[in-house]
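Student: next comes the sequence, and after it the predicted model I'd like to discuss.
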Amino acid sequence: MDRSSLLEPFHTHAADALVAFDFDGTLAPIVEDPDAASPMAGAVSALERLAARVGEVAVVSGRPLDFLERWFPEPSAVTLVGLYGLESRRQGDRADHPSAGVWREVVSDLAERARRHGPDGMDVEPKGLSITLHYRRRPDVEPSVRDWAERAAGATGLSVRSAKMSVELHPPIDEDKGTVLHRLAGFHTGPVLFAGDDVGDVPAFDALGGLAAAGRPVLAIVVDGPEVPSTLRRRADLLVDGPAEVADIVLSLAG
Ligand SMILES: [Mg+2]
């Protein structure tokens, strides 16, 4: 099916639709310095316009909520979900996941240890309730970063997740982009769209599969790139070239 036919349900059933996007690699091009990532020009205002048209627009990311709010400061109609569901802002209400708060101190201690004693070439990004260990700058240190993360997880009770050119340590809470998407979908009755580009998005694509099996119209958009795993590409109803094409889709949905 072509792009406009795939997007059609989001025009005809706009008021009941949920439209959700990953941030990095989907709305924002991947850049060397994670702090410098920024959405494609025009994407933020188009998402705000789209939020006025559809049931809900959400950005669901592994980034902390604070980071996402740089682009969507209040007042904003866009739902923000940070740290894979550990933090969110919906209809102006900010909330932590109820079991997450106790892990802030564990995570901050570990960030300090990672900076002092982690492998050379590993970049440490503390995110409040979770921590990301990057090897993007030095892909050769991936094995030692993974090994360090596994040992840290064993010592702290945090759990390890793979992400793009990085490893993340999270509180052991059963929350990911899939549970987030399921919950948000429950607030609406119409079609559900999710766009993402990396392994952290797999649970969201699984959730779309579950919704589709239950008879819900869904659209899985995979943003292609050199680092996109083939397992993810196979999930795509629509494979797009990069964040520029995602922005173009947002613009066309926003009308
Ligand atoms: Mg991404």
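Tutor: Good, I have the coordinates. Numbering: from 1, shown residues only.
Student: ok now do residue 123, which residues does it touch?
Tutor: Going by Cβ atoms under 8 Å, 6 or more residues apart in numbering, residue 123 touches 133-137. In this view, the C-beta of every residue, glycine as well, is placed from N, C-alpha and C.
Student: now, of the residues you listed, which are buried?
Tutor: 133-136 (16 or more other Cβ atoms under 10 Å).
Student: in helices only, show me those residues.
Tutor: Among the buried ones among the contacts of residue 123, DSSP state H puts none in helices.
Student: kindly reformat those residues as CSV containing pLDDT and distance to the ion.
Tutor: Converted to CSV, those look like this (pLDDT from 0 to 100; distance: Cβ to the ion, whole Å):
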residue, pLDDT, distance to the ion
133, 97, 17
134, 95, 14
135, 96, 16
136, 92, 13
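Student: from those, which single one is nearest residue 10?
Tutor: residue 136 (33.6 Å; Cβ to Cβ).
Student: identify the residues contacting that closest one.
Tutor: 32, 123, 164-166.
Student: mind listing the strands for the stretch 51-200 of the chain?
Tutor: Using DSSP state E, counting those that start in this stretch, the strands of the stretch 51-200 of the chain run over residues 56-60, 79-82, 87-90, 93-96, 123-126, 131-134, 159-163, 166-170, 192-196.
Student: sheet-wise, list the partners of the second one with their directions.
Tutor: This points to strand 79-82. Counting by DSSP bridges, the strands paired with strand 79-82 are strand 56-60 (parallel), strand 87-90 (antiparallel).
Student: nearest to the ion, out of the ones you listed?
Tutor: strand 56-60 (9.9 Å; Cβ to the ion).
Student: could you tell me the angle between that closest one and strand 192-196?
Tutor: 30 degrees (axes from the mean of the first three to the mean of the last three Cα atoms, to 10 degrees).
Student: with just CA atoms, put strand 56-60 into CSV.
Tutor: Output in CSV follows, covering the C-alpha atoms of strand 56-60 (Å, rounded to 0.1, in the frame of the first residue of the first chain):
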residue,chain,number,x,y,z
GLU,A,56,-3.5,12.3,21.2
VAL,A,57,0.1,12.9,20.0
ALA,A,58,2.8,11.4,22.2
VAL,A,59,6.6,11.4,22.1
VAL,A,60,7.8,8.2,23.8
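Student: distance from the chain centre to that strand, please.
Tutor: 10 Å (Cα atoms, centre = their mean, to the nearest Å).
Student: just stretch 146-165 next, same as before
Tutor: 19 Å.
Student: residues of it that come out buried?
Tutor: 146, 148-149, 152-153, 156, 158, 161, 163-165.
Student: does the ion have contacts with that stretch?
Tutor: No - shown here: stretch 146-165 not in contact with the ion (Cβ under 5 Å from the ion), separated by at least 6.3 Å.
Student: pLDDT (mean, whole number) over that stretch?
Tutor: Stretch 146-165 carries an average pLDDT of 95.
Student: can you give me the end-to-end distance of it?
Tutor: End-to-end distance of stretch 146-165 (Cα to Cα, to the nearest Å): 11 Å.
Student: check what pLDDT residue 184 gets.
Tutor: pLDDT, read off for residue 184, is 98.
Student: in CSV: the strands paired with strand 79-82, plus mean neighbour count.
Tutor: CSV is the format used below for these (neighbours: other Cβ atoms under 10 Å):
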stretch, mean neighbour count
strand 56-60, 24
strand 87-90, 20
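Student: from the chain's centroid, how far away is stretch 191-208?
Tutor: For stretch 191-208, the distance to the chain centre is 9 Å (Cα atoms, centre = their mean).
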